[in-house]
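1. This is a predicted model, with the sequence first.
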Amino acid sequence: MLLEVEGFILNELPYGESSKIINVLTKEKGLIGIMCKGAKSMKSMLRASTQVFTYGIFSIHFKEDKLSTLVNVDVLNSFNNIRSDLTKISYLTYISELTNQVYKQTDQSLFEMFISIVLKMEDNLDPMILTNILELKYLPLLGVGLNLDSCIKCGNKTNIVTVDASYGGLICKDCYQNEIIVDKKVIQLLRMYYYVDIKSISSISVKDEYKHVINHFISDYYDAFTGLYVYSKKFLEQLEA
């Protein structure tokens, strides 16, 4: 069946001397594998349009639960701005790998959230903030959503003093023991990240001290509750350091 799908190339695998398989996150069919015959050849018209991190309309011979075959790609965005910046391409590499893992665990549609974040990264919005927003949006899909409305220990909605990744949420004054206290602004920002409509974001600015506290909290939460290990995360941590 000849089919057109809107998608983003998350990664690729070599196949023989001149071909490759691209894994494409699509709007219509989720994550699919597509055989690109001869795409590694210097003379191939598919060479440029099948690079990793290309966003486009893919014309394919679609096969359910099998490798589809690529016919043509109408490139919508090559993300040249992101590709020219080490920090941005590192964050894109990470969220692409993360999205691949999350999809395999949930088999739910992630395309709209993911591509909205990437397009805003291309438009020069802060890549760490965008990445953290996407990470938080994925948590409910993984079955480990955050409780940012009440104390994780007693359910109290007042006198919240901190948020703790090891417990999985907010902690009130009565339940507080020796957890690290975070600024109230951090809790406010976490709530905003968690509930914001990604498409509505036009600009975003957060103090570095808050950004890094939130980023570390999310990393610790993923380690504690998701069971996911994303190799490219280590490089991001080195960049941050």
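-> Happy to help now that I have it. Nothing here was measured: the structure is a model prediction, and the numbers come from that model.

2. Excluding chain neighbours, what is closest to Tyr221?
-> Ala165 (4.3 Å; CB to CB, 6 or more residues apart in numbering). Bear in mind the C-beta positions are built from the backbone N, C-alpha and C, glycine included.

3. Next one: that neighbour from Met1, what distance?
-> Ala165 sits 46 Å away from Met1, going by CB to CB, to the nearest Å.

4. Of those two, which one has the most company?
-> For Ala165 versus Met1, the count of surrounding residues by other CB atoms under 10 Å is larger for Ala165: 19 against 8.

5. mind listing what the longest strand seen in the chain pairs with, with the direction of each?
-> As assigned by DSSP state E, the longest strand anywhere in the chain is strand 2-15. Counting by DSSP bridges, the strands paired with strand 2-15 are strand 19-26 (antiparallel), strand 55-61 (antiparallel).

6. gap between the longest one and the chain center?
-> Here the centre of strand 19-26 is set off from its chain's centre by 18 Å, with CA atoms, centre = their mean, to the nearest Å.

7. swap in the last one?
-> Using CA atoms, centre = their mean, the distance from the centre of strand 55-61 to the centre of the chain it belongs to is 21 Å.

8. Can you pull up the most central residue in the protein?
-> In the chain, the residue lying closest to the centroid (CA atoms, centre = their mean) is Ile95, at 3.4 Å.

9. That one and Thr131 touch, don't they?
-> Yes - using CB atoms under 8 Å, Ile95 is in contact with Thr131, at 5.6 Å.

10. domain assignment for the chain?
-> 2-78, 81-240 (automatic domain parsing).

11. Serialize those to JSON lines and add fields for mean pLDDT.
-> Converted to JSON lines, the domains of the chain look like this (pLDDT from 0 to 100):
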{"stretch": "domain 2-78", "mean pLDDT": "95"}
{"stretch": "domain 81-240", "mean pLDDT": "95"}
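
12. Check which residues of stretch 195-214 are buried.
-> Neighbour-count burial for stretch 195-214, counted by 16 or more other CB atoms under 10 Å, picks out Ile198, Ile201, Val206, Tyr210, Lys211, Val213, Ile214.

13. In JSON lines: the strands paired with strand 2-15, plus mean neighbour count and distance to Gln108.
-> Formatted as JSON lines, those follow (neighbours: other CB atoms under 10 Å; distance: least, CB to CB, whole Å):
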{"stretch": "strand 19-26", "mean neighbour count": "22", "distance to Gln108": "12"}
{"stretch": "strand 55-61", "mean neighbour count": "20", "distance to Gln108": "20"}
